[in-house]
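> Generate a structure from the sequence data that follows.
(one chain, ligands or ions: 2)
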Amino acid sequence: MKKIKTQFFCQNCGHSSPKWLGKCPSCNEWNSFVEEEVRTIDGEGAQDLKFNGVPMPIDAITADEGERVRSGILEMDRVLGGGIVRGSAVLVGGDPGIGKSTLLLQVLQKLAEQELTVLYVSGEESAKQIKLRGKRLGASSKNLLVLVEIDLDAILRQIKEIKPAAVVIDSIQTVYSSVLSSAPGSVGQVREATEKLILVAKKTGIPIFLVGHVTKDGSIAGPKVMEHMVDTVLYFEGDSGHAYRIIRGIKNRFGPANEIGIFEMRDNGLIEVANPSEFFLSERPEGASGSVVSPSLEGTRPILVEIQSLVSATNLGMPRRTAIGVDHNRVSMLVAVMGKVCGLQLGNQDIFINVAGGVKVEEPAIDMGIVASMASSYLDRPIDAGTVVFGEVGLSGEVRGISQMDVRIKEAARMGFNRCILPRTQGRDRQTGEGARMKLIRISSLKELLGHLF
Ligand code: TYD
Ligand code: MG
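Ligands and ions are numbered 1, 2, ... in the order given. This is a model prediction of the structure:
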């Protein structure tokens with residue numbers, strides 16, 4: 001009799017161990033180890049896994065831009081780096097109800113409209129439910145095939161038979177392989193299904209979208225295990241309480257990472273937001289203190305974001321510091337620098353910072369915006385509505401240059417701003433095109449910033 005080999009897998013990150021552990025050494029999660037069967041590949045299954053490749057010179061390999069299919073949903077194509085790459089595996093993750101199924105059904109419908117046969121595999125909803133959703137989205141093409149199935153082998157068989165132009169698996173946590181005895185959604189099952197599907201994608205050139213759930217308690221294998229395996233990882237940001245949805249490319253083997261696509265959830269599905277700067281600034285209060293606009297670079301695209309601060313004297317021994325959309329530690333550092341360099345002592349102030357619209361900005365270019373907004377709120381002096389600021393701030397209060405300043409200036413000019421406070425760096429001083437209208441104030445320290453603002 002063959003002995004069944006098992007191992008313990010962390011259900012959060014996929015770390016494996018021969019014996020049970022209370023705490024995962026890889027992701028520090030407690031109580032996340034579950035015993036799962038490990039399959040050794042032999043016999044028939046092994047044949048499937050072989051590419052039988054021979055080495056060949058790289059210049060003999062042909063690949064061109066025709067390898068991409070454009071979905072026609074511009075924001076989606078952008079996040080993917082210019083379209084869907086043949087044979088790629090794309091993981092789409094996000095909280096429940098954020099719009100994963102909706103978006104992918106829309107993508108498939110767009111492809112179906114281009115006379116391509118596409119396949120939507122669902123293990124979560126019945127065909128009727130998908131039809132009802134499709135009705136709202138206007139997805140009714142006869143080229144859009146719906147398959148309700150959770151058995152991996154059956155899914156693979158259908159893909160090989162139909163040879164669709166794209167496949168969506170909604171969701172990877174429902175897919176079940178009878179080779180393993182563990183339950184659907186466990187790390188072993190998720191890994192097995194992902195592996196097999198990616199293999200089919202690579203062999204046949206069919207792009208595959210995998211929907212992955214993220215749960216807080218980690219009871220379902222998070223898509224973390226899959227992130228390494230797939231080519232592209234897209235995550236939905238923002239929460240389902242708001243109308244907007246942001247998808248961000250966390251990883252992309254075929255394009256720039258960190259690119260974002262912005263959508264608005266309406267009655268009839270996700271609608272692209274063509275002008276994100278306008279969108280994020282649409283509710284900007286006039287003449288309020290604590291608000292400032294800063295051009296941030298998301299992927300390759302500049303987007304103007306509004307940073308809001310509320311600084312008020314604290315009633316507590318330890319003042320509160322809350323930062324939404326910006327890095328908490330960065331804010332603490334800037335508060336310290338402001339105290340030291342500008343003489344603005346915020347040590348006894350509660351500070352709340354928020355980037356309007358729910359977008360997350362992680363680049364240091366936004367430092368000066370954070371400082372400007374905190375100073376404005378603290379001094380209760382509004383910042384001129386036509387001004388934008390950007391630049392990194394160093395520990396001694398110096399203002400440092402950042403990448404792609406021209407692009408940011410142009411975007412601000414396009415949105416009607418007329419004054420820009422930016423780092424003084426060696427570089428071209430002349431702006432061309434739309435940027436020429438902008439009054440540029442170049443500074444090298446935070447002290448100068450306050451002088452120009454107030
Ligand atoms: P869904 O795509 O089912 O989310 P996920 O697959 O990520 O779990 O999205 C469901 C939410 O979207 C639900 O709260 C209803 C809303 N929605 C709309 O507002 N308009 C629509 O046209 C559709 C299809 C859904
Ligand atoms: Mg869904």
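> If we ignore the residues flanking it in sequence, what's nearest F454?
Once flanking residues are discounted, F454 sits nearest to R381: 4.8 Å by C-beta to C-beta, 6 or more residues apart in numbering. From N, CA and C alone the C-beta is placed, and that goes for glycine too.
> Please spell out which residues along the longest helix seen in the chain are buried.
Counting by DSSP state H, the longest helix found in the chain is helix 187-204. By 16 or more other C-beta atoms under 10 Å, the buried positions in helix 187-204 come out as 187-194, 196-202, 204.
> Kindly report the same for stretch 118-134.
Going by 16+ other C-beta under 10 Å, stretch 118-134 has these buried residues: V118, L119, Y120, V121, S122, G123, E125, I130, G134.
> Let me see the mean pLDDT of the top strand by length along the chain.
Criterion DSSP state E: the longest strand present in the chain is strand 301-313. Averaging pLDDT along strand 301-313 gives 93.
> Also stretch 99-107?
So the average pLDDT for stretch 99-107 ends up being 94.
> chain center to that stretch: distance?
15 Å (C-alpha atoms, centre = their mean, to the nearest Å).
> Stretch 152-172 too?
25 Å.
> before we move on, the earlier item: which among the buried residues of helix 187-204 gets closest to ligand 1?
V190 (17.0 Å; C-beta to the nearest ligand atom).
> Name the residues of the protein found near ligand 1, please.
Contacts of the chain with ligand 1, taken as C-beta under 6 Å from any ligand atom, map to 94, 96-102, 133, 136-137, 240, 265, 267-269.
> Of those residues - the most surrounded one?
Counting neighbours by other C-beta atoms under 10 Å, the top entry in those is K100, with 25 neighbours.
> I'd say that residue and Y235 touch.
No - K100 lies out of contact with Y235 (C-beta atoms under 8 Å); the separation is 10.0 Å.
> For the two, list the residues in contact with both.
Common neighbours of K100 and Y235 (criterion: C-beta atoms under 8 Å, 6 or more residues apart in numbering): V92, G93, G94.
> As a markdown table, those with pLDDT and secondary structure would be great.
Putting these into a markdown table (pLDDT from 0 to 100; DSSP: H, G, I helix; E, B strand; the rest coil) gives the following:
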| residue | pLDDT | secondary structure |
| --- | --- | --- |
| V92 | 92 | strand |
| G93 | 88 | strand |
| G94 | 85 | strand |
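> Summarise which helices and strands the very next helix or strand once past the longest helix of the chain is packed against.
Following helix 187-204 in sequence order, the next helix or strand is strand 208-213 (DSSP states H and E). Applying 3 or more C-beta pairs under 8 Å, 6 or more residues apart in numbering; DSSP states H and E, we find strand 208-213 packed against strand 89-94, helix 100-113, strand 166-170, helix 187-204.
> As JSON lines, those with distance to R442 would be great.
As requested, these are exported to JSON lines (distance: least, C-beta to C-beta, whole Å):
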{"stretch": "strand 89-94", "distance to R442": "41"}
{"stretch": "helix 100-113", "distance to R442": "42"}
{"stretch": "strand 166-170", "distance to R442": "49"}
{"stretch": "helix 187-204", "distance to R442": "49"}
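> Spatially, and excluding backbone neighbours, which residue is closest to P18.
That would be Q7: by C-beta to C-beta, 6+ apart, it lies 6.1 Å from P18.
> Break this protein down into its structural domains.
Using automatic domain parsing, the domain parsing of the chain gives 1-41, 68-274, 279-453.
> Check which residues of the helix or strand containing E37 are buried.
Assigned by DSSP H and E, E37 belongs to strand 33-38. The neighbour-count check on strand 33-38 (16+ other C-beta under 10 Å) flags F33, V34, E36 as buried.
> Nearest to ligand 1 among the shared contacts of K100 and Y235?
Distances from ligand 1 to the shared contacts of K100 and Y235, taken as C-beta to the nearest ligand atom, are shortest for G94 (5.5 Å).
> What residues are bridge-paired with the closest residue to L108 other than its chain neighbours?
Spatially, and ignoring its direct neighbours in sequence, L108 is nearest to V118 (4.5 Å; C-beta to C-beta, 6+ apart). Judged by DSSP bridges, the bridge partners of V118 are L144, A166.
> For V118, list the residues it contacts.
Here V118 is in contact with L108, L111, A112, N143, L144, L145, P164, A165, A166, V167, V168 (C-beta under 8 Å, 6+ apart).
> 6 Å instead?
L108, L111, A112, L144, P164, A165, A166 (C-beta atoms under 6 Å, 6 or more residues apart in numbering).
> Would you confirm that the last one contacts P207?
So the one you mean is A166. Yes - the criterion here is C-beta atoms under 6 Å, and A166 meets it with P207 at 5.0 Å.
> what about the residue nearest to the spatial centre of the chain, distance to ligand 1?
The centre of the chain sits closest to R248, judged by C-alpha atoms, centre = their mean, with a distance of 2.1 Å. As judged by C-beta to the nearest ligand atom, to the nearest Å, R248 and ligand 1 stand 15 Å apart.
> Same check on I206?
22 Å.
> show me the contacts for that residue.
V167.
> Repeat the analysis, applying 8 Å as the threshold.
I206 neighbours (C-beta under 8 Å, 6+ apart): R86, G87, I159, K163, P164, A165, A166, V167, V200.
> Reformat those residues into JSON lines and put pLDDT next to each item.
As requested, the contacts of I206 are exported to JSON lines (pLDDT from 0 to 100):
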{"residue": "R86", "pLDDT": "91"}
{"residue": "G87", "pLDDT": "91"}
{"residue": "I159", "pLDDT": "94"}
{"residue": "K163", "pLDDT": "94"}
{"residue": "P164", "pLDDT": "95"}
{"residue": "A165", "pLDDT": "94"}
{"residue": "A166", "pLDDT": "95"}
{"residue": "V167", "pLDDT": "96"}
{"residue": "V200", "pLDDT": "92"}
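> ok, of the residues you listed, which one's closest to S26?
V200 (28.8 Å; C-beta to C-beta).
> mind checking the SS state of I250?
Classification of I250 using DSSP: H, G, I helix; E, B strand; the rest coil returns strand.
> State the distance from the residue found closest to it once you drop the neighbours it is linked to in the chain to G14.
Setting aside the residues directly before and after it, I250 is nearest to V233 in space (C-beta to C-beta, 6+ apart), at 4.4 Å. The gap separating V233 from G14 is 15 Å, by C-beta to C-beta, to the nearest Å.
> swap in G255?
G255 is 26 Å from G14, by C-beta to C-beta.
> Of those two, which one has the most company?
G14 (22 against 19).
> For ligand 1, see how far away the closest residue to the more buried one other than its chain neighbours is.
Closest residue to G14 apart from its sequence neighbours, by C-beta to C-beta, 6+ apart: V225 at 3.5 Å. Between V225 and ligand 1 the computed distance is 19 Å (C-beta to the nearest ligand atom).
> List the contacts of V225.
C13, G14, V187, V190, R191, T194.
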